[in-house]
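Chemist: kindly generate the corresponding structure for this input.
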Amino acid sequence: MKQVCVLGNGQLGRMLRQAGEPLGIRVWPVGLDADPQAVPFAQSVITAEIERWPETALTRELARHQAFVNRDVFPLIADRLTQKQLLDKLSLPTAPWQLLADRSEWPQVFSRLGELAIVKRRTGGYDGRGQWRLREHDADTLPAECYGECIVEQGIHFSGEVSLVGARAHDGRAVFYPLTHNLHQDGILRTSVAFPKANATQQDQAETMLRAIMDELNYVGVMAMECFVTPQGLLINELAPRVHNSGHWTQNGASISQFELHLRAITGLPLPQPVVSSPSVMVNLIGSDLNYDWLKLPLVHLHWYDKEVREGRKVGHLNLSDNEPALIDATLEALAPLLPPEYASGIAWAQALLR
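Modeler: Coordinates of the predicted model:
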C-alpha cells in the first residue's frame, strides 16, 4: 500500500485522505507540532496542504526528506515577491508591481501604478487578510511594519475572475480542468461555477501559462492559478502550489477530483485527463452553522469540515452538478432561503452564469 504524509491537518489534508481511500493510498494529515517519531514519513511520499510553515521538530525532519515532493517550490511560491519575480522571468502577464520598501516611495508608486494600489504581505495573508486597497490620500494608514514586507500592485479593472487547476506528473505530462469562474467577497471565495467547455481562447492562454510555470519549477501534483479577466487577456493574480478552494467542485463534477489527481501525480499513478460532462457550482460555507435541510435538495452534496464555526471561517462547502443548467438554477433558488442572507448575491451571480 502506498503512503502519503500531508504536512497540515486542515480540511485539505482531510479531503486528500478521503480521496486516497478508494485508491488504496493511506494518507496521513499531520499537524505541524506532531512528534516526528509518531509520523510514518520514512516510508511515505510527503506533500503539503499549506505554502509555509514554522520551524518545528517535524518540519526540520521533513525538510531533509528526499520524498518531499515540491519541497523547494513551496518557499518560492509562498513569498509573493519571489512568486512575482518568477512570473516576470517567464514573461507571463501579471499586474504591474514592485516591492514596497519605504514610506517615501508612495509618490513614485502612484505615479507608476495609478490611483489604486493593492498592498499585499509578502508571506501569510489569505482570504482578504494581510491586504490593503489604498489611494494616495490614505497611504499613510498602512502600518509601519509593512514596509519591506509587502509588495504593491496596480489595482486592475477586470470583468471577472477565473482560476485554472491543473496537475503535472513526474514525467512532465500535464492535465487541466476547465477554467472555473469565481466570485470573491471581502477577499474570500464565495462561489465557483465551472462548465465542461470554457472560453477556448482563455483556456488555451491559461493552460500555456500554468504549464510554463510547472515546467520551470519541475513541479509535480496539483497547482492552481488565479487570474483576472481583462480585455487584453488573462492576468495572473496568484498561484497556489496545492489543491485549491476553487477546485472543490471537482469532487462531484469531474471523473477525477483534484484531490485524487494530486495523489495520483505525486505517487506515480496514471494521470489521465479528467472528464467533465456537466456544469457545476460550489458554494463556500463561511461562518455558517450546519443545516441538514440542505440535503433535502437532491443535487446538493455537502462537504462539512467539522471545524468550530467562527465568523469568516471556511467550515464547509456545497457542490451541485447536473447536465441541465436549469435544474442547477432551480436548486440554487430553493437553496437560497436555507442560507443566511449574505449568500444571496453569490447565488444570484451563479444563476446568471447558468442562464
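Chemist: report pLDDT for the spatially most central residue of the chain.
Modeler: Nearest residue to the geometric centre of the chain (CA atoms, centre = their mean): His244, 3.2 Å. Per-residue pLDDT puts His244 at 97.
Chemist: also Gly128?
Modeler: pLDDT at Gly128 comes out at 68.
Chemist: least confident secondary structure element in the protein?
Modeler: The least trusted helix or strand in the chain, going by mean pLDDT, DSSP states H and E, turns out to be helix 57-63, with a mean of 87.
Chemist: what residues does that one touch?
Modeler: With CB atoms under 8 Å, 6 or more residues apart in numbering as the test, helix 57-63 has contacts from 5, 7, 30, 32-36, 39, 41, 46, 53, 68, 71. Just so you know, the C-beta spots here come from the backbone N, C-alpha and C atoms, and that holds for glycine as well.
Chemist: what are the buried residues along it?
Modeler: Leu58, Thr59, Leu62 (16 or more other CB atoms under 10 Å).
Chemist: got it, and stretch 172-185?
Modeler: Applying 16+ other CB under 10 Å to stretch 172-185 flags Ala174, Val175, Phe176, Tyr177, Pro178, Leu179, Thr180, His181, Asn182, Leu183, His184, Gln185 as buried.
Chemist: phi, psi for the fourth one please.
Modeler: Backbone dihedrals for Tyr177, given as degrees, to the nearest 10, come out at phi -90, psi 160.
Chemist: can I assume it is in contact with Ala194?
Modeler: Yes - with contacts defined as CB atoms under 8 Å, Tyr177 counts as touching Ala194 at a distance of 7.1 Å.
Chemist: overlap of the contact sets of the two?
Modeler: Contacts common to Tyr177 and Ala194, judged by CB under 8 Å, 6+ apart, are Val276.
Chemist: what's the distance between Asn138 and Ala334?
Modeler: Asn isn't right for residue 138; it's Asp. Here Asp138 is placed at a distance of 43 Å from Ala334 (CB to CB, to the nearest Å).
Chemist: contacting residues around Leu339?
Modeler: Applying CB under 8 Å, 6+ apart to Leu339 gives the contacts Val283, Ser288, Asn291, Ile347.
Chemist: how close does it get to Ser345?
Modeler: From Leu339 over to Ser345 (counting by CB to CB), the distance is 11 Å.
Chemist: with adjacent residues omitted, what lies nearest to the residue nearest to the centre of the chain?
Modeler: Spatially, and ignoring its direct neighbours in sequence, His244 is nearest to Ala224 (3.4 Å; CB to CB, 6 or more residues apart in numbering).
Chemist: does that neighbour lie in a helix or a strand, and which?
Modeler: According to DSSP states H and E, Ala224 maps onto strand 221-230.
Chemist: who does that strand touch, helix- and strand-wise?
Modeler: Counting by 3 or more CB pairs under 8 Å, 6 or more residues apart in numbering; DSSP states H and E, the packing neighbours recorded for strand 221-230 are strand 160-168, helix 200-217, strand 233-240, helix 258-267.
Chemist: quickly compare these and say which is most buried.
Modeler: helix 258-267 (a mean of 25; mean count of other CB atoms under 10 Å).
Chemist: export that helix to CSV, keeping only CA atoms.
Modeler: Extracted in CSV, the C-alpha atoms of helix 258-267 (Å, rounded to 0.1, in the frame of the first residue of the first chain):
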residue,chain,number,x,y,z
GLN,A,258,-8.4,17.5,-7.8
PHE,A,259,-7.6,15.6,-4.6
GLU,A,260,-7.4,12.2,-6.3
LEU,A,261,-5.5,13.9,-9.2
HIS,A,262,-2.8,15.2,-6.8
LEU,A,263,-2.4,11.8,-5.1
ARG,A,264,-2.1,10.1,-8.5
ALA,A,265,0.6,12.6,-9.6
ILE,A,266,2.8,12.5,-6.6
THR,A,267,2.7,8.7,-6.2
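Chemist: direction included, what does the next helix or strand along the chain from that helix pair up with?
Modeler: Scanning forward in sequence from helix 258-267 by DSSP H and E, the next helix or strand is strand 280-286. Strand 280-286 has its sheet partners listed here by DSSP bridges as strand 188-194 (antiparallel), strand 314-321 (antiparallel).
Chemist: okay, those strands in a markdown table with mean pLDDT next?
Modeler: As requested, the strands paired with strand 280-286 are exported to a markdown table (pLDDT from 0 to 100):
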| stretch | mean pLDDT |
| --- | --- |
| strand 188-194 | 97 |
| strand 314-321 | 98 |
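Chemist: which of those is buried the deepest?
Modeler: strand 188-194 (a mean of 24).
Chemist: other residues contacting it?
Modeler: So strand 188-194 is contacted by 127-128, 163, 177-184, 245-246, 248-249, 253, 276, 279-284, 286, 312, 314, 343, 345-347, 349-350, 353-354 (CB under 8 Å, 6+ apart).
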